[in-house]
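Engineer: Here is a sequence with its predicted model. Questions after.
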Amino acid sequence: MKAEPSQIYEFSAALAAAMAAGLVGSFALLKRMTLAADVVSHLALPGIGIALVFRLNPALGAAATLLVGTLVIWGLEKRTGIATEAVIGVVFAASLAAGALVTPKAELEEALFGQLQPLTRMDFFIACGAACLIMGMLLMRRERLILVLFSPELAAASGVKVDRLNLEFLLLFSLTILVCVKFLGALLAGALLMIPAATGQKLASGSKDFLLHSVFASVLAVIAGLFITSRIGAGVSAGPVIVLMATAIFLVVSFFGKE
Amino acid sequence: MPEQNLHRSDLQKPPTQDDRPLLTVLGMSISIAGRTIIHDANFSLMRKTSLALIGPNGSGKTLLLKAMLGLQPYTGVIGWRPGTRLGYVPQHLSADPHLPLRARELLEAKAIVQNQPASAVKAVATWVGCSDILEHRLGALSGGQFQLVLIAFALIGNPDVLLVDEPTTSLDQHAEQQFLELLKRAQMERGTTVILVSHDLTLVRGFASHVLCLSAGRAFFGRAAQMLVPDILQEIYRRPVEFHLHGLEQSA
């Protein structure tokens, strides 16, 4: 059976998103942003809902609320003495509730689990362009991020502008979520950043192996997820299948991988 | 008259590079949450000297070191001679055992950030004596090995000054000795000025040419030989000194 152009676009864009997610997720895991990843992905939901109500492109709505959320999280990160985890917990619940309330019922499931509309050629170019931008910007900042992960104080003493780098990373992180939301939905987008990175960490001894293994685990989960979804047929969202595949890979590596 | 003119021009001649202090601290104060920790500190330091910051817990030694590095807000002046490069060895840093980062990757990251050639890592690791552990994960290193990597990290970029915070608290005697010898070699072979925070007066006496003692918000500066005598220490601390005085001839 010959694949439709939209399927080829979807498959290629999903692979590009998977690579970006594996790379960004690796750094996010080491920055202990597991909770933040879920919150940021949930922040997309109210944006998608509002955009659907006003018949705008859902990606635009998601981008707007993601940007606001990112700036809020960055502001919190800079301050000390605030129970960040408590605030993140509140934002997490509030954005899910607000999103569920404003998103039209017919589209709620797709907003939560992915695949709002078939991918157009323009969507494909935007997703691939964004993924390349994310990977390029991140690799250019790799050494500075390594220093900040090791010790923010030593990084600052070595001439790294730590606050600015954290903001740049959060913006790249949110852009990755935005790219992944299209395929995985607002509930599960964060999972593709975190689970393959956790797999990569189990396998790696150095930072280069870690990044490569995370990207590989992410791409493998997306290929397996899309393949299985296409076999099962219509009515099944790809998002949950991809996330379950990522989880299966993580479990296999945890049981059979090295310590 | 030629002789007078010569004399005048000599007086007006700007100091040569080595005549100017490497570090000048003027009217410097540090406050945390409205409480003054250091008040009106004044001192200066020449090149190739070694300064020890001593004082009771909470007197602001680490804060002062961080202020010198630009990591801690302060009022007043902390002025380094233009172009001075700083290296920092922090206190109580430990690597997350799960961090997938090799020693070599950490050192290379700093070399790249500071626009140093790739060969800088190998050269510094050889000089420090940690070439054999470069491929180890940071979390798998012993305390002494980790400290060597931190010194190598600080020395990348060829700093003029090494600022070292409590270098020996978590080390065994052998590792402590190795660490101090490295600092002395840095002074002798690389001309590095060393500023270190320490509780250990024996170490300070054997190492530092100058001492800055912080106590109750005040800063006392002088040559080590003049400062590290029981009468002066008791006057500064206003109580019997509770430092490690083993090795000093008298205790205060």
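Structural biologist: Nice, I can see it.

Engineer: Tell me, how many residues neighbour A:Val90?
Structural biologist: A:Val90 is flanked by 11 other residues according to other C-beta atoms under 10 Å in any protein chain shown. Just so you know, the C-beta spots here come from the backbone N, C-alpha and C atoms, and that holds for glycine as well.

Engineer: Low-confidence ranges, chain B, go.
Structural biologist: Residues of chain B that meet the criterion pLDDT under 70 lie in B:1-18, B:170, B:237-252.

Engineer: quick one: pLDDT of A:Val243?
Structural biologist: On pLDDT, A:Val243 comes in at 90.

Engineer: tell me what the strand or helix carrying it is packed against?
Structural biologist: Assessed by DSSP states H and E, A:Val243 sits inside helix A:238-256. Secondary-structure packing of helix A:238-256 (3 or more C-beta pairs under 8 Å, 6 or more residues apart in numbering or on different chains; DSSP states H and E): helix A:162-203, helix A:207-232.

Engineer: Single out the most deeply packed of the ones you listed.
Structural biologist: Most buried of those by mean neighbour count (mean count of other C-beta atoms under 10 Å in any protein chain shown) is helix A:162-203; its value is a mean of 24.

Engineer: What average pLDDT does it get?
Structural biologist: 87.

Engineer: So is that helix next to chain B?
Structural biologist: Yes - against chain B, helix A:162-203 shows contacts by C-beta under 8 Å from any C-beta of the partner chain at A:Gly200, A:Gln201.

Engineer: quick check: angle from that helix to helix A:238-256?
Structural biologist: Counting by axes from the mean of the first three to the mean of the last three C-alpha atoms, to 10 degrees, helix A:162-203 lies at 60 degrees to helix A:238-256.

Engineer: Up against chain A, what does the stretch 101-250 of chain B have?
Structural biologist: So the stretch 101-250 of chain B meets chain A at B:101-102, B:105-106, B:108-110, B:112-114, B:137-138, B:153, B:157 (C-beta under 8 Å from any C-beta).

Engineer: distance of A:Val243 from chain B?
Structural biologist: 23 Å (C-beta to the nearest C-beta, to the nearest Å).

Engineer: How about the contacts made by that residue?
Structural biologist: A:Val243 makes contact with A:Leu184, A:Leu188, A:Ala191, A:Leu192, A:Ile195, A:Ala221, A:Gly225, according to C-beta atoms under 8 Å, 6 or more residues apart in numbering or on different chains.

Engineer: surely B:Leu180 meets B:Phe207?
Structural biologist: Yes - look at B:Leu180 against B:Phe207 with C-beta atoms under 8 Å: they come within range, at 6.6 Å.

Engineer: So what's the residue count around residue 64?
Structural biologist: If you meant another chain, say so; for now it's chain A. Counted with other C-beta under 10 Å, the neighbours of A:Ala64 add up to 17.

Engineer: wrong one, chain B
Structural biologist: Counted with other C-beta under 10 Å, the neighbours of B:Leu64 add up to 27.

Engineer: Excluding chain neighbours, what is closest to A:Leu60?
Structural biologist: A:Ala51 (5.8 Å; C-beta to C-beta, 6 or more residues apart in numbering or on different chains).

Engineer: and that neighbour, that's in a strand?
Structural biologist: No - per DSSP: H, G, I helix; E, B strand; the rest coil, A:Ala51 lies outside any strand segment and is helix.

Engineer: For it, give me its contacts.
Structural biologist: Residues in contact with A:Ala51 (C-beta under 8 Å, 6+ apart) are A:Asn57, A:Pro58, A:Ala59, A:Leu60, A:Gly61, A:Ala62.

Engineer: In chain A, what helix or strand scores lowest on average pLDDT?
Structural biologist: When the helices and strands of chain A are scored by mean pLDDT, DSSP states H and E, helix A:105-113 comes last with a mean of 73.

Engineer: Quick check: what element follows that one along the chain?
Structural biologist: Where DSSP H and E defines the elements, the next helix or strand beyond helix A:105-113 is helix A:121-140.

Engineer: could I get that following helix in CSV with only the CA atoms?
Structural biologist: Provided in CSV are the C-alpha atoms of helix A:121-140 (Å, rounded to 0.1, in the frame of the first residue of the first chain):
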residue,chain,number,x,y,z
ARG,A,121,3.2,20.4,4.1
MET,A,122,3.5,23.6,6.0
ASP,A,123,3.2,21.8,9.4
PHE,A,124,5.8,19.4,8.3
PHE,A,125,8.3,22.2,7.4
ILE,A,126,7.6,24.1,10.6
ALA,A,127,8.0,21.0,12.8
CYS,A,128,11.3,19.9,11.0
GLY,A,129,12.6,23.5,11.1
ALA,A,130,11.8,23.8,14.8
ALA,A,131,13.4,20.5,15.6
CYS,A,132,16.6,21.5,13.7
LEU,A,133,16.7,24.8,15.5
ILE,A,134,16.3,23.2,18.9
MET,A,135,19.1,20.6,18.2
GLY,A,136,21.4,23.2,16.8
MET,A,137,20.9,25.7,19.6
LEU,A,138,21.3,23.0,22.2
LEU,A,139,24.5,21.5,20.8
MET,A,140,26.0,25.0,20.6
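
Engineer: Contacts for the next helix or strand after it, please.
Structural biologist: Going down the chain from helix A:121-140, the next helix or strand is helix A:142-150, by DSSP H and E. With contacts defined as C-beta under 8 Å, 6+ apart, helix A:142-150 is touched by A:27, A:30-31, A:138, A:154-155, A:158, A:160, A:162, A:165-166, A:169, A:207, B:95, B:99, B:101, B:105-106, B:108-110, B:112-113, B:138.

Engineer: cool, stretch A:215-223 as well?
Structural biologist: The contact list for stretch A:215-223, computed with C-beta under 8 Å, 6+ apart, reads A:14-15, A:17-19, A:21-23, A:25-26, A:183, A:192, A:195-196, A:199-200, A:242-243, A:245-246, A:249-250, A:253.

Engineer: at 6 Å instead, please
Structural biologist: Outside stretch A:215-223, the residues within contact range by C-beta atoms under 6 Å, 6 or more residues apart in numbering or on different chains are A:14, A:18-19, A:21-23, A:196, A:199-200, A:242, A:245-246, A:249.

Engineer: Tell me the most packed of those residues, by neighbour count.
Structural biologist: A:Ala21 (38 neighbours).

Engineer: returning to that earlier point: buried sites along the least confident helix or strand of chain A?
Structural biologist: A:Glu107, A:Leu108, A:Glu110, A:Ala111, A:Leu112, A:Phe113 (16 or more other C-beta atoms under 10 Å in any protein chain shown).

Engineer: Noted, bye for now.
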